[in-house]
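> Next come a sequence and a model predicted from it.
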Amino acid sequence: MHVCKVNWFVIKLTTIPFFLALLMILWFSNLRETSSLLDRRIQVSSIFPARYTPIDAAKSGGEPVKSMRSNEIETLETVVQAARRATNRFFLDCGANTGSTYKLFHEIWPDPDEYLMISFDVDTRLRPFYASFENHAAFVPLAVSYEDGFFEVHLESVRQPNENASEMKWGGGTFFSFGASDYRKLKLKVTVPTFDLSKFLSENFREDDEVILKLDIEGSEYKLVEKMLDDGTFKFVDKFYLEFHDWQPIDWSQSQKDALRDRMKAENVYFDEWEAEYPLLPDATKYEPRVLEHFPQIGNCRSKTGGHVKLALAVGMNARRARRLIATVMAHEATIDLKVGLFLYRDFMYENAELVTDWLKDPRFVIGSRGDSPRPRDFFMKMNYALEIDMIVLSSLRQIVRTSGFSTKHFLPDFSGNVHWDRTLEERKLEVAKPTVWVPPRNVSQLDAPFFSKRSVEKIPPLLQAVYKALEKLDQKRPVLVFDSDFDETWISSVFFLDYFVSAKCSIKSSFLDWF
């Protein structure tokens, strides 16, 4: 009997690890299932219908609202519940349109990848815009409303070649039509499911979740905000973006709209204004990266030389060529104790974060921004929308901080002479690298006529000669010599340029390059 008890005790002890292992297997299986769902975020969108049935435009009215819940709402709730296994931070983009909110949020917000975004819009034709989005649960073709049901909405018709090009193309739709003065050309009518956002928040979110809510729903916000106040569901919202559409033909008087605003203030429901047509995150300035006034010195370097030519590497979008040029330049004796400007596009950093991080382990680099992505000269010079330029600059500085942990005060525009860019960079208190001498020259007329028909070994002398002449003209202005990594000619000639700067025959005032 005693032996049996001991054996039973031994059996119980040996089964404990077994059950623990089983629980771990089930937990990992569940985690794998969750990860699998989140990895397939884009495919989740395919659960929802690709198109809703159009209504004959000649009909006087749409189908009546039905007091019922659609299958799409149940599907949405399933997606949210599965996603919360991995995160409790959500961005509900209501009135998502072409995905401008997602784009701007990911370019400006400090930690956008920690949020799961769900985008709602009634126009299913906008679905392709979301195919490339990461950290995106679904494009949900449900109309955000104050009740579950179905309702007729008005959508834009397909734009035709003979239509007025000065009009705006909005995308998306609205519950309200403008009749004869329909400047949005809302000629297509469809019946779509609506869902009660207030109830959705209360049934699927907790107060300890972090929820950002954006409402841009073309006039439907009044009744929805009123219902959320009645239900007390703003307690689930941590950040609120909203656009009021006072000009929409809804059945609310101006006094009713003003009373709603007063009630929001009285109940401490605050929001930042949002207008999708402007490329601005309303409180983007709160997340501006800090601009450094000074950079740390390199510990084991000789004192700064008195040279008159700074060296900068302008990294393009070709990672292979950039890697090759940078390795070559930084291996030359001319750069052993030299600070070199490293200018990067925002989109290059986003796609090649590990490569950039590896480069910045070298303390000789001083990082700077080139903007978001390359543009042709004519395109760049005609840019004059100050708000767009500012968002490009701000998002580029933000990406540097995300990628490297450093901030910067240095900026290298692709071209000089655009007063709108100059004004923005000055307002941001950024130091613009100028005057610049580019390798290869931006103005091809500086090269001899047969340059482009020569072999690579024959291209080097005229290329060197053109750059030497440009540097000598600007010697007293402390020019910046910029190696453009996207051109193979830059890599071929880079070592010969650096040989010149350490040679005794260097005609530039001082045989050494200057620290950036």
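That came through, no problem.
> tell me, how many neighbours does Glu427 end up with?
By other CB atoms under 10 Å, the residues close to Glu427 number 11. Quick note: C-beta positions are derived from backbone N, CA and C, even for glycine.
> ok, it to Tyr345 distance?
Distance check for Glu427 against Tyr345: by CB to CB, to the nearest Å, it reads 21 Å.
> same check, this time on Glu210
31 Å.
> more crowded one of those two?
Tyr345 (22 against 16).
> Now do the same contact list for the residue nearest to that one when sequence neighbours are not counted.
Setting aside the residues directly before and after it, Tyr345 is nearest to Arg370 in space (CB to CB, 6 or more residues apart in numbering), at 4.9 Å. Contact analysis of Arg370 by CB atoms under 8 Å, 6 or more residues apart in numbering lists 314-315, 343-345, 396, 411-414.
> switch to 6 Å and redo it
343, 345, 412 (CB atoms under 6 Å, 6 or more residues apart in numbering).
> do the same with Leu513
Leu513 touches 307, 309, 311, 338, 501, counting by CB under 6 Å, 6+ apart.
> Quick one: neighbours of the spatially closest residue to Phe244 that is not a sequence neighbour, just the number.
The shortest distance from Phe244 to any non-neighbouring residue, by CB to CB, 6+ apart, is to Glu221 (6.4 Å). For Glu221, the neighbour count with other CB under 10 Å is 23.
> Just confirm Glu221 contacts Lys214, I think it does.
No - using CB atoms under 6 Å, Glu221 is not in contact with Lys214; the gap is 10.7 Å.
> Would you double-check that Ser119 falls in a strand?
Yes - counting by DSSP: H, G, I helix; E, B strand; the rest coil, Ser119 is part of a strand.
> isn't it right up against Cys94?
No - the pair Ser119 / Cys94 is not scored as a contact, 8.4 Å apart, by CB under 6 Å.
> What's the biggest strand in this structure, counting residues?
Counting by DSSP state E, the longest strand found in the chain is strand 188-196.
> which secondary structure elements does that one contact?
If you count contacts as 3 or more CB pairs under 6 Å, 6 or more residues apart in numbering; DSSP states H and E, strand 188-196 packs onto strand 143-145, strand 149-155.
> Identify, out of the ones you listed, the most deeply packed stretch.
Highest mean neighbour count among the helices and strands packed on strand 188-196 (mean count of other CB atoms under 10 Å): strand 143-145, with a mean of 25.
> re the thing from before, which one of the helices and strands packed on strand 188-196 has the lowest average pLDDT?
Of all those, mean pLDDT reaches its minimum on strand 149-155 (a mean of 81).
> what pairs with that one, and is each one parallel or antiparallel?
strand 173-174 (antiparallel), strand 188-196 (antiparallel) (DSSP bridges).
> Quickly compare these and say which is most buried.
The most buried one of those (mean count of other CB under 10 Å) is strand 173-174, showing a mean of 24.
> State the mean pLDDT of that strand.
Averaging pLDDT residue by residue across strand 173-174 gives 71.
> Run through who's touching it.
122-123, 153-155, 218.
> Reformat those residues as JSON lines; add distance to Glu134.
As requested, the contacts of strand 173-174 are arranged in JSON lines below (distance: CB to CB, whole Å):
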{"residue": "Val122", "distance to Glu134": "24"}
{"residue": "Asp123", "distance to Glu134": "22"}
{"residue": "Val153", "distance to Glu134": "29"}
{"residue": "His154", "distance to Glu134": "32"}
{"residue": "Leu155", "distance to Glu134": "28"}
{"residue": "Glu218", "distance to Glu134": "28"}
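> Looking at those residues, which one is closest to Arg375?
Asp123 (29.7 Å; CB to CB).
> that older thread, any chance you could give me the longest strand of the chain in PDB, C-alpha atoms only?
Only the C-alpha atoms of strand 188-196 are listed here, as PDB (Å, rounded to 0.1, in the frame of the first residue of the first chain):
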ATOM      1  CA  LEU A 188     -23.900  56.200 -58.600                       C
ATOM      2  CA  LYS A 189     -26.100  54.900 -55.900                       C
ATOM      3  CA  VAL A 190     -25.600  51.700 -53.900                       C
ATOM      4  CA  THR A 191     -27.100  50.200 -50.800                       C
ATOM      5  CA  VAL A 192     -24.500  49.400 -48.100                       C
ATOM      6  CA  PRO A 193     -24.600  47.900 -44.600                       C
ATOM      7  CA  THR A 194     -24.300  50.500 -41.800                       C
ATOM      8  CA  PHE A 195     -23.000  49.700 -38.300                       C
ATOM      9  CA  ASP A 196     -23.400  51.400 -35.000                       C
END
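> tilt between the following helix or strand past it and strand 188-196?
On the C-terminal side of strand 188-196, the closest following helix or strand by DSSP states H and E is helix 197-204. Going by axes from the mean of the first three to the mean of the last three CA atoms, to 10 degrees, helix 197-204 is angled at 40 degrees with respect to strand 188-196.
> How far off centre is helix 197-204?
28 Å (CA atoms, centre = their mean, to the nearest Å).
> Put the alpha carbons of it into CSV.
Taking C-alpha atoms only, helix 197-204 is exported to CSV below (Å, rounded to 0.1, in the frame of the first residue of the first chain):
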residue,chain,number,x,y,z
LEU,A,197,-19.9,52.6,-34.1
SER,A,198,-20.9,53.5,-30.6
LYS,A,199,-22.1,49.9,-29.9
PHE,A,200,-19.1,48.5,-31.7
LEU,A,201,-16.7,50.4,-29.4
SER,A,202,-18.5,49.3,-26.2
GLU,A,203,-18.7,45.6,-27.3
ASN,A,204,-15.2,45.2,-28.7
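> mind listing what's buried in that helix?
197-202, 204 (16 or more other CB atoms under 10 Å).
> And stretch 341-359, by the same measure?
341-350, 352, 355-356, 359.
> Lowest-confidence one in the residues you listed?
Lowest pLDDT among the buried residues of stretch 341-359: Tyr350, 91.
> Quick check: chain neighbours aside, which residue is closest to that residue?
Nearest non-adjacent residue to Tyr350 (CB to CB, 6+ apart): Gln399, at 6.1 Å.
> next structured bit after the helix or strand the one you found falls within?
Taking DSSP H and E as the criterion, Gln399 maps to helix 386-404. The helix or strand immediately downstream of helix 386-404 is strand 410-411, counting by DSSP H and E.
> got a list of contacts for that following strand?
368-369, 425, 430-432.
> Show me what the helix or strand following it is packed against.
Sequence-wise, the next helix or strand downstream of strand 410-411 (DSSP H and E) is helix 419-427. With contacts taken as 3+ CB pairs under 6 Å, 6+ apart, helix 419-427 sits against helix 386-404.
> chain center to the helix it packs on: distance?
Worked out by CA atoms, centre = their mean, helix 386-404 lies 9 Å from the chain centre.
> That helix - what's its average pLDDT?
Mean predicted confidence for helix 386-404 is 88.
> With stretch 268-279 instead?
Mean predicted lDDT for stretch 268-279 stands at 77.
> What values do phi and psi take at Tyr241?
Dihedral pair for Tyr241: phi -110, psi 140, per degrees, to the nearest 10.
> What ranges does the stretch 51-200 of the chain have for its helices?
Assigned by DSSP state H, counting those that start in this stretch, the helices in the stretch 51-200 of the chain fall at 71-83, 100-108, 197-204.
> Oops, could you answer that again for the stretch 201-350 of the chain instead?
221-231, 254-266, 319-330, 346-351.
> Those helices: which one's closest to Ala143?
When the helices of the stretch 201-350 of the chain are compared by CB to CB, helix 221-231 sits nearest Ala143, at 10.6 Å.
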